[in-house]
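# Show me how the following folds:
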Amino acid sequence: MNEFRWRSHSPDDTDRLARAIAAALPDTAVIALVGTLGAGKTRFVQGLAAALGVSREEVVSPTFVLCQEYHGSRVIQHYDLYRLTREQEFWNLGPEEAFESPGVVLIEWADRFPQCLPANHLEIRIEHVEDSTREFCVRPVGSGYEATVDAVRASFA
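Below is the predicted model of the structure:
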């Protein structure tokens, strides 16, 4: 399996990974973020958004509004599925258009409704190891993201 595993020991490390991923994404990208509460999903989104020209302060967890849109060098749709109880609630937010439009779609708590994800996406699993240490597993699901994972791996070689 083509996956990239990496340990972040600080928020700056997480930003470094986010920048590498942002630089390697295809024009239309969907990223499924998976991790427990406090694992660092929103922090990762802030780093990726900053790499795409969005102020870090502008990026907040959309837990209560469910979706945020940011405009940098690319449009970013940021979904949070934590509070949703049924997949229809996610579909009611209209992600299908975002899945097919140029830009980046980031979905926190994507594992809550995996059947709603497009067949081809980038999955990022974040595990809280200790204090400020996080383990990231970046892997392509379906096709179209193998080059992204390879480019990220090469940037850390």
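# report the longest helix in the chain, please.
Taking DSSP state H as the criterion, the chain has its longest helix at helix 11-24.
# Would you mark the buried spots in it?
Of the residues in helix 11-24, 13-22, 24 count as buried by neighbour count, 16 or more other CB atoms under 10 Å. Bear in mind the C-beta positions are built from the backbone N, C-alpha and C, glycine included.
# Please name every helix or strand in contact with that helix.
strand 4-8, helix 41-51, strand 133-141, helix 146-155 (3 or more CB pairs under 8 Å, 6 or more residues apart in numbering; DSSP states H and E).
# quick one: contacts of it?
The contact list for helix 11-24 (CB atoms under 8 Å, 6 or more residues apart in numbering) reads 6-8, 31, 40, 43-48, 50-52, 104, 122, 124, 132, 134, 136, 138, 147-148, 151-152, 155-156.
# From the buried residues of helix 11-24, pick the one nearest residue 72.
The nearest member of the buried residues of helix 11-24 to residue 72, counting by CB to CB, is residue 22 at 9.5 Å.
# Direction included, what does the next helix or strand after the longest helix of the chain pair against?
Following helix 11-24 in sequence order, the next helix or strand is strand 28-34 (DSSP states H and E). Within its sheet, and counting by DSSP bridges, strand 28-34 is paired with strand 103-108 (parallel), strand 121-130 (parallel).
# I'd like those as CSV, with mean neighbour count, distance to residue 74 and mean pLDDT appended.
Shown next, in CSV, are the strands paired with strand 28-34 (neighbours: other CB atoms under 10 Å; distance: least, CB to CB, whole Å; pLDDT from 0 to 100):
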stretch, mean neighbour count, distance to residue 74, mean pLDDT
strand 103-108, 25, 5, 96
strand 121-130, 18, 15, 96
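# so can I have CSV of those showing distance to residue 77?
Formatted as CSV, the strands paired with strand 28-34 follow (distance: least, CB to CB, whole Å):
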stretch, distance to residue 77
strand 103-108, 5
strand 121-130, 13
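# and of these, who's closest to residue 72?
Shortest distance between residue 72 and these, using CB to CB, is found for strand 103-108: 9.3 Å.
# The closest one versus helix 41-51: what angle between them?
For strand 103-108 against helix 41-51, the angle by axes from the mean of the first three to the mean of the last three CA atoms, to 10 degrees is 160 degrees.
# Now the longest helix of the chain - C-alpha only, CSV.
C-alpha atoms of helix 11-24 as CSV (Å, rounded to 0.1, in the frame of the first residue of the first chain):
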residue,chain,number,x,y,z
PRO,A,11,2.6,22.4,15.7
ASP,A,12,5.4,23.6,13.3
ASP,A,13,6.0,20.0,12.2
THR,A,14,2.3,19.7,11.5
ASP,A,15,2.4,22.8,9.4
ARG,A,16,5.4,21.5,7.5
LEU,A,17,3.4,18.3,6.6
ALA,A,18,0.4,20.4,5.7
ARG,A,19,2.5,22.6,3.4
ALA,A,20,3.9,19.5,1.6
ILE,A,21,0.5,18.1,1.1
ALA,A,22,-1.0,21.4,-0.1
ALA,A,23,1.8,21.7,-2.7
ALA,A,24,1.2,18.2,-4.0
